[in-house]
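J.: Here is a sequence with its predicted model. Questions after.
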Amino acid sequence: MSPLSDARLDALVAEAVVDCYDEDEQLNGLFLMIEENLALPFGTEVLGVPVVVRKVDLRSAGIVAVCHRGGLRQVIGILDLPLPDPAPDGAQWIEAYRWWAAGS
């Protein structure tokens with residue numbers, strides 16, 4: 001559950017999708033906000049394994065986090081990415097994306 005209020009999430013989404021005409025443009029708007037504001041790199045755990053998120057990307061399946069561990073790299077949907085505590089700066093945009101994707 002997000003610590004952000006519904007009103008704050010609505011405001012973030014509205015800021016990201018201003019002047020967007022369809023869902024593809026809205027997705028691009030949210031991606032740009034995440035890309036520009038999320039503090040990278042940051043560490044988190046995926047399936048109990050420590051990883052470092054070094055990049056976000058926009059793919060056909062949506063916004064993804066590019067996770068690294070040693071010489072390995074794995075892409076995971078950012079909606080499924082567990083965030084560390086405390087969350088990195090700019091993580092509110094991931095929460096806004098989750099809010100938007102849930103159709104709230």
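T.: Sure thing, it's come through.
J.: ok, and for the lengthiest helix in the chain, which residues are buried?
T.: When the chain is parsed with DSSP state H, its longest helix is helix 23-37. By 16 or more other C-beta atoms under 10 Å, the buried positions in helix 23-37 come out as 26-31, 33-35. Just so you know, the C-beta spots here come from the backbone N, C-alpha and C atoms, and that holds for glycine as well.
J.: which other residues reach that helix?
T.: Residues from elsewhere that reach helix 23-37 (C-beta atoms under 8 Å, 6 or more residues apart in numbering): 12-13, 15-18, 20, 56, 58, 62-63, 78, 89-90, 93-94, 96-97, 100.
J.: tell me the centre residue of this protein?
T.: In the chain, the centroid-proximal residue (C-alpha atoms, centre = their mean) is I94; its distance is 3.3 Å.
J.: For that residue, give me its contacts.
T.: Applying C-beta under 8 Å, 6+ apart to I94 gives the contacts 34, 38, 78, 81, 83.
J.: for those residues, which one is nearest G70?
T.: Nearest to G70 out of the contacts of I94 is L81 (C-beta to C-beta; 18.7 Å).
J.: so of the contacts of helix 23-37, which ones are in helices?
T.: Taking DSSP H as the definition of helices, those contribute 12-13, 15-17, 93-94, 96-97, 100.
J.: list the contacts for G70?
T.: Taking C-beta under 8 Å, 6+ apart, one finds nothing in contact with G70.
J.: sorry, back to before: put together CSV for the ones in helices among the contacts of helix 23-37, with pLDDT on each row.
T.: Below are the ones in helices among the contacts of helix 23-37 laid out as CSV (pLDDT from 0 to 100):
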residue, pLDDT
L12, 97
V13, 96
E15, 95
A16, 95
V17, 94
W93, 97
I94, 97
A96, 96
Y97, 96
W100, 95
